[in-house]
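the sequence isn't on hand, but the structure is:
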């Protein structure tokens, strides 16, 4: 198997980073179907808890009930948050995937910038999440039945609001996006390794696989 | 010839014993060793026997755990249905049926529920109670399917339909040709019909007739209410009735499996007694018990359907009626003698046998459906005064099983045993069925065991015990008297439901449940996993009577108040939402004399987040379950300052869930 893989890579070593870029673009596309983040609220009268799942395009779960509860402290309705982001997210993810797969078909050095959207997407998501959590915790209606000091709900980890224990967690969609970012980074790394090896006319090392100069020449 | 005198003496004696508060036999058992010391200490301190401890363990359902069965019990005079968990015997719900029920907002101004109750009016006269008797779960292939429940009101000859998606009453029907009923509701094996058997004979179609014309003009009438499962409603247009002699038909049961297509009813006044104790005539209690035999009615409803298709019916009070003469001559109606004044008539799970409780006769009489068919095929030689063919008892009887005094109703288990309630003996009699049910080598048609119950048992219910596949496990004795079983609460004593474990070789009494709202008659017990009720209504704006989206449902942001004139009169229509912890809007101002139409939508989606709406001074109350839209309609006929508020403690700010209703003079 590894021999066949070696022979396949010897034919064209760039097949390896190309495969990574392609997988990464599929993973980032796939992530749209999964929640990125979730908030679970535990309280005695909600056996099993209330759960809101955040997708890059929408929210799901007990949104109505959480809104009902949030109105007591004057918090805005969850679905009003990040409307621009939710609208743009499919476009952004599509673009990131497209750019990442374009990388697979160019060996130009400058093309590395095409990797940026896919690599930065998870971080941008987290930053935006924090921004909205901050806003929701600080822009409370002063005329609400209950007044509480402004706060920022944690992006991850455990918190407490009223009788609720809150658990914020990153979910499958986010981890898919992270995996995609890592694969893109790895692709860039190997693209460079392969290019340098060819320039310096030394054997190419891709993990345990070593492709000798002879093999490269035979393949040529 | 039975010795009637002996029976009467025994009846009197047993009533005397019960009336004098006969003590239950004390068991000498003490808790056994082998139990944890702590348990023994508790048992000792509370004076519990070994049997008490096992009974407690068999019935205790810890917090958060569910019961295995649900018992739907008639609420008797309350006109309601009780929903009880088995084995815990915890009361889960009281379903308002024939009587307004304030908590559920059933009949206190909510328009749709008012219309359901109005469906039960008799010739336009509102009737706001019921003598609920026999609940009947809908069936598919003779098995409970958990979709609908029916129950009759004996006092006014009515039938109600309850949808088990939300455990609420959807329809009440007044029988147009009967003044009272008893043999209902019972369903045919696929709920094609809900059968409502009659009780006291009257002239058909709400007519007056002197009692001197009893034989000529008084009649029984059995009703086959056609059930439209998709609509969840009885369709009166497809329903029909069969006219019967004025013999006071009593209980009925539908044939199943081999006897599918037939219905069996018993009767107890083939004497056609008309009373008159005040004129020195025999009172009903004696007059109806004069003959040694009454008549088991054997009705072929598939044949009746054919007659209907051929147009062999008359329409009386808007109902298609197959006349007695037609039924007697066309193979729809047959009689078989049954020992005098019997009570229950219960078909065995496979439909092979029909068991009739003797009541005043110490036997249950078991009829064979196969023999009945043979006797019909052979051609009956005798007919009654109305021309109804009478089969000979010896041709159709399979067995007579002597059980003791006052056998009434019979239910079945999964091991070939029958359980019969013994009113006079105050006992449950367990006895062996024969034929295909006897595979264990035990002697068929024989009394096996009698368990005392407390006291005067009427009906008996077993786990799925009247379906084609009874579960065994539990029997509930529905006792008419409790006498000394509970802490005294005044002269009107609670009824007593007793849970009995029938899973072992011997029956064991497990639990006494007092019923303090009426005298239940029958109950049916269904496995809980067959019920699939809503946790919240499926969408916001649900009309709980129509079971569909309500055209007057309101969304947040669409709340409004409109004023218009209809026939020169001001009409104020309000579309309101309710959510924790406010109504929107909170101030409603009208003028005295305005007609007010007030729609409220509970926009909650959380389980148990019910709101309610009370308008003080206007006799208005409705309950709005999550997603439900309700409407009240009334005339603002008193001016003043009124308050409406949520009566369902919904949240920490529940007291603040309030509004003002201002009626300008």
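Received the coordinates, thanks. Note that the coordinates shown come from a computational prediction; the quantities given were computed from them, not determined experimentally.

residue ranges with poor pLDDT in chain B?
By pLDDT under 70, the weakly predicted segments of chain B are B:1-33.

please name the nearest non-neighbouring residue to residue B:215.
residue B:272 (5.9 Å; C-beta to C-beta, 6 or more residues apart in numbering or on different chains). Placement of C-beta: from N, CA and C, glycine included.

run a quick neighbour tally on the one you found.
By the criterion of other C-beta atoms under 10 Å in any protein chain shown, residue B:272 has 17 neighbours.

that's a helix at it, yeah?
No: counting by DSSP: H, G, I helix; E, B strand; the rest coil, residue B:272 falls outside a helix, being coil.

tell me if I'm right that it and residue B:246 touch.
Yes: here residue B:272 reaches residue B:246: they are 5.9 Å apart, a contact under C-beta atoms under 8 Å.

name the residues contacting each of those two.
Common neighbours of residue B:272 and residue B:246 are listed as B:214-215 (criterion: C-beta atoms under 8 Å, 6 or more residues apart in numbering or on different chains).

chain B against chain A: which residues are in contact?
Taking C-beta under 8 Å from any C-beta of the partner chain, the part of chain B that reaches chain A is made up of B:579-581, B:604-606, B:609, B:653, B:656.

tell me the most packed of the residues you listed, by neighbour count.
residue B:604 (26 neighbours).

show me what contacts it?
Residue B:604 neighbours (C-beta under 8 Å, 6+ apart): A:64-65, A:68, B:536, B:578-580, B:610-611, B:626-627.

let's go with 7 Å and repeat that
A:68, B:579, B:626 (C-beta atoms under 7 Å, 6 or more residues apart in numbering or on different chains).

among those residues, which lie within strands?
With DSSP state E as the criterion, strands contain residue B:579 from among the contacts of residue B:604.

which of the contacts of residue B:604 sits closest to residue B:310?
residue B:626 (51.0 Å; C-beta to C-beta).

what about the closest one, how many residues close to it?
Applying other C-beta under 10 Å, I find that residue B:626 has 23 neighbouring residues.

go on, residue B:565?
Residue B:565: 8 neighbours (other C-beta under 10 Å).

so which strand or helix has it?
strand B:560-566 (DSSP states H and E).

direction included, what does that strand pair against?
Strand B:560-566 has these partner strands in its sheet, going by DSSP bridges: strand B:569-579 (antiparallel).

distance between the partner strand and the chain's centre?
38 Å (C-alpha atoms, centre = their mean, to the nearest Å).

need the three-state assignment for residue B:162.
Residue B:162 - assigned by three-state DSSP - is strand.

repeat for residue A:3
helix.

near chain B, which residues of chain A show up?
Within chain A, the positions near chain B by C-beta under 7 Å from any C-beta of the partner chain are A:64-65, A:68, A:145.

any chance of these in TSV, with pLDDT too?
Shown next, in TSV, are those (pLDDT from 0 to 100):
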residue	pLDDT
A:64	91
A:65	92
A:68	92
A:145	91
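
list buried residues within these.
A:64-65, A:68 (16 or more other C-beta atoms under 10 Å in any protein chain shown).

mind listing what's buried along stretch A:184-193?
A:184, A:187-188, A:190-191, A:193.

cool, stretch A:144-163 as well?
Here stretch A:144-163 shows A:153, A:155, A:159, A:161 as buried, counting by 16+ other C-beta under 10 Å.

and for the closest residue to residue B:119 other than its chain neighbours, the neighbour number?
Once flanking residues are discounted, residue B:119 sits nearest to residue B:172: 4.3 Å by C-beta to C-beta, 6+ apart. By the criterion of other C-beta under 10 Å, residue B:172 has 24 neighbours.

and residue B:172, what helix or strand is that in?
Applying DSSP H and E, one finds residue B:172 within strand B:168-174.

contacts only, for the most centrally placed residue in chain A.
The centre of chain A sits closest to residue A:177, judged by C-alpha atoms, centre = their mean, with a distance of 2.7 Å. Contacts for residue A:177 (C-beta under 7 Å, 6+ apart) come out as A:28, A:31, A:121-122.

now tabulate these in CSV and tack on neighbour count, secondary structure and pLDDT.
Output for these, formatted as CSV (neighbours: other C-beta atoms under 10 Å in any protein chain shown; DSSP: H, G, I helix; E, B strand; the rest coil; pLDDT from 0 to 100):
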residue, neighbour count, secondary structure, pLDDT
A:28, 29, helix, 94
A:31, 27, helix, 96
A:121, 24, helix, 93
A:122, 23, helix, 94
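
wait, which of these is closest to chain B?
Chain B lies nearest to residue A:31 out of those, by C-beta to the nearest C-beta, at 27.9 Å.

name the nearest residue to the closest one, ignoring sequence neighbours.
Using C-beta to C-beta, 6+ apart, the nearest residue to residue A:31 is residue A:176, at 3.9 Å.
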